[in-house]
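# Predicted structure and sequence below. I'll ask about it afterward.
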Amino acid sequence: MTLAELIAQARTALGTAITTRQQEQDALVALRSDENLTEEAVTAQVARRDAADAEVTRRQEALDGLEAEQAREDELAALQARTTPAANRAPAYDRVARVGAEERTYRPDQDRRGRNFERDVAAAFLGDYEARDRLQRHMAEERVERPEVAERAAGTGAFSGLVVPQYLTDLYAPAAAARRPFADAIRGHDLPAQGMTVNLSRITTATSTALQASENTAVSETNIDDTLMTINVQTNAGQQTLSRQAIERGAGVEPVVLDDLFRRYSSTLDSTLLNQATNGLTNVATAVAYTDATPTVPELYPKVLEGLSGVEAALLDQASGENIAVMHSRRWYWMQNALSSTWPLISQPGIAAQMSGTNLGTTYGSGVRGTLPNGTPVIVDNNIGTTLGAGTEDEIYLVDRNECHLWEDPNAPMYIRAEQPAVASLGVLMVVYGYFAYTHARYAQARKIAGTGLIAPTFSGV
């Protein structure tokens, strides 16, 4: 029996108890109006009324307990939806629990290759109202079962944000993509609905205080001043023209291409945050040099602490304490390969002194991969360059994640399917696009470890 069914039973039992209690109270009132009233009869009826009253209290407490349990379950489900990494959120079609007997609009047992879905997409553009109704039903189902995916769809009115049925993309082998580990780890905001810039005010001249020289003398005064920080909104987009033959006679061609466009979109966004000229993290971070012809992990780790020290020194009271280290997967595995007989002098919460950090055993793109010896979470991101510096170097970034800001359109990426531009050649144009803005420079806090010590690693156990 489910918790919802138990709650329904408890509500019914409470209703019955309330009715019984009211009947006992009515009987007591009637008894008191009887001319042949006896004290024993009244006492007995009061006892019955009180017993019914106690039953109401018991049933109410039971219902309150079940409803509190349900509220906690709902709260944990919402928390899980926020914290489960995007790459792991959408379960396979046949692993989703459903209530009721209503079947999905598009099902693998009836349309394994997705042709019905593709035909409906095409027919909807030609004005087929029944196809539109089926797509609208499908989108409603997706919003219930995969809200984190369906929320990026703008709606089915113009079919500019259709979500492909999950089972159509479960079995094919997509081209590997670096995706967006760093973008998912930093502080996100909704992009304003209008405008091509995001404007922030930065206090660049602070007020002042000082010790008063003597009584009745002037006290310190410095006029506060701010500077407008303008952040450009950028457009991330890609397109693909498919032949109608490929769509109509191929096996799941359109959803596969659409999924690949989404994967490229994520990778381009994340790479931009890290590598873009002028504003990318590699270009705004203050360098901590690590120069060594024979680098080792014990020699690298003090540079990590030096970088984290710089992050906190730059932010002072604006530091959130949520620092992260962002590195390439090759650097993360190189750090794991090191062996040492020395232990930290200061222990860290949750990390034994003899351990050089922890590996959480999670997969790429699923959030925090592990922690360094001082407890700093590690984000592994393969959008970090590996041909930097001397030509074979990567970098390690150390930031306060709450001071790396990303504004995204809540509906991004969007999907446009256009029939007309290439109609003469029987082509269908597919476009994926989205708007975003970002900054890592509200405060000059970011640090990066760079230098010959981060050349392509050799796995020698040191």
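Cool, got the structure.
# What is the neighbour count of V428?
By other CB atoms under 10 Å, 23 other residues sit near V428. From N, CA and C alone the C-beta is placed, and that goes for glycine too.
# If we ignore the residues flanking it in sequence, what's nearest it?
Excluding its sequence neighbours, the residue lying closest to V428 (CB to CB, 6 or more residues apart in numbering) is L242, at 5.1 Å.
# which one's the longest helix in the protein?
helix 39-83 (DSSP state H).
# what residue ranges in the stretch 101-250 of the chain score low on pLDDT?
Applying pLDDT under 70 to the stretch 101-250 of the chain picks out residues 101-102, 111-115, 118, 122, 125-126, 145-173, 250.
# just checking, what packs against the longest helix of the chain?
Where contact means 3 or more CB pairs under 8 Å, 6 or more residues apart in numbering; DSSP states H and E, helix 39-83 is packed against helix 3-32.
# can we see that at 10 Å?
The contact analysis (3 or more CB pairs under 10 Å, 6 or more residues apart in numbering; DSSP states H and E) places helix 39-83 against helix 3-32, helix 147-150.
# which of the ones you listed has the lowest average pLDDT?
For the helices and strands packed on helix 39-83, the weakest mean pLDDT is recorded on helix 147-150, namely a mean of 48.
# Determine the set of other helices and strands touching the helix or strand just after that helix.
Downstream of helix 147-150, the next assigned helix or strand under DSSP states H and E is helix 181-185. Helices and strands touching helix 181-185, by 3+ CB pairs under 10 Å, 6+ apart, are helix 86-89, helix 253-275, strand 323-327, strand 377-380, strand 396-400, strand 405-408.
# What is the longest one packed up against?
Under the contact definition 3+ CB pairs under 10 Å, 6+ apart, helix 253-275 sits against helix 115-125, helix 181-185, strand 234-243, helix 244-249, helix 281-284, strand 405-408, strand 414-418, strand 427-439.
# Which stretch among the ones you listed is buried most, on average?
Highest mean neighbour count among the helices and strands packed on helix 253-275 (mean count of other CB atoms under 10 Å): helix 181-185, with a mean of 23.
# Same list (the helices and strands packed on helix 39-83) but as JSON lines, adding distance to E299 and mean neighbour count.
Listed next are those as JSON lines, based on distance: least, CB to CB, whole Å; neighbours: other CB atoms under 10 Å:
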{"stretch": "helix 3-32", "distance to E299": "55", "mean neighbour count": "14"}
{"stretch": "helix 147-150", "distance to E299": "42", "mean neighbour count": "15"}
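# Is it possible to get JSON lines of the ones you listed that adds distance to T458?
JSON lines is the format used below for these (distance: least, CB to CB, whole Å):
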{"stretch": "helix 3-32", "distance to T458": "55"}
{"stretch": "helix 147-150", "distance to T458": "40"}
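# closest one to A246 among those?
helix 147-150 (24.3 Å; CB to CB).
# Setting aside sequence neighbours, what's the nearest residue to A175?
Nearest non-adjacent residue to A175, counting by CB to CB, 6+ apart: D260, 6.1 Å away.
# Please read off the pLDDT at the one you found from the model.
If you check D260, the pLDDT there is 88.
# about what we covered before: same list, the helices and strands packed on helix 253-275, but as a markdown table with distance to Y106 please.
Putting the helices and strands packed on helix 253-275 into a markdown table (distance: least, CB to CB, whole Å) gives the following:
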| stretch | distance to Y106 |
| --- | --- |
| helix 115-125 | 5 |
| helix 181-185 | 29 |
| strand 234-243 | 20 |
| helix 244-249 | 16 |
| helix 281-284 | 41 |
| strand 405-408 | 28 |
| strand 414-418 | 17 |
| strand 427-439 | 19 |
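# of all the ones you listed, which lies closest to T205?
Closest to T205 of the helices and strands packed on helix 253-275, according to CB to CB: strand 427-439, at 20.4 Å.
# The residue nearest to V428 and V431 touch, don't they?
No - assessed by CB atoms under 10 Å, L242 is found out of contact with V431, at 11.8 Å.
# anything in contact with each of the two?
Common neighbours of L242 and V431 are listed as R417 (criterion: CB atoms under 10 Å, 6 or more residues apart in numbering).
# Look at the closest residue to P344 other than its chain neighbours and say how many residues are nearby.
In space, and not counting its chain neighbours, P344 is closest to P373: 5.5 Å by CB to CB, 6+ apart. By other CB under 10 Å, the residues close to P373 number 19.
# my guess is P373 meets A338, correct?
No - if you go by CB under 10 Å, P373 and A338 don't touch, sitting 11.2 Å apart.
# related to what we said a few turns ago, in contact with the residue nearest to V428, which residues?
Neighbouring residues of L242 by CB under 10 Å, 6+ apart: E248, G250, V253, E254, V257, R417, A422, L426, G427, V428, L429, M430.
# Is it correct that the fifth one is in contact with A246?
Yes - the pair formed by V257 and A246 meets the contact definition of CB under 10 Å, at 8.8 Å.
# Quick check: D133 touching A123?
No - between D133 and A123 there is no contact, the gap being 11.1 Å when judged by CB under 10 Å.
# Can you check which residues contact both of the two?
Between them, D133 and A123 share no contacting residue, judged by CB under 10 Å, 6+ apart.
# average model confidence for stretch 277-294?
96.
# can you pull the buried residues of it?
N279, G280, L281, T282, V284, A285, V288, Y290 (16 or more other CB atoms under 10 Å).
# Stretch 304-314 now?
Result for stretch 304-314 [16+ other CB under 10 Å]: buried residues V304, G307, L308, G310, V311, A314.
# hang on, isn't the fifth one packed against R447?
Same thing as V311. Yes - V311 is in contact with R447 according to CB under 10 Å; the separation is 5.7 Å.
# what is in contact with the two at once?
Common neighbours of V311 and R447 (CB under 10 Å, 6+ apart) are A285, T286, N323, L398, V399.
# Now do the same contact list for the fourth one.
When contacts are counted by CB under 10 Å, 6+ apart, L398 touches 285-286, 288, 303-311, 323-327, 372, 376, 445-449.
# T439: which of the buried residues of stretch 304-314 is nearest?
When these are compared for distance to T439 (CB to CB), A314 wins out at 14.8 Å.
# Please report how far the closest one lies from G451.
21 Å (CB to CB, to the nearest Å).
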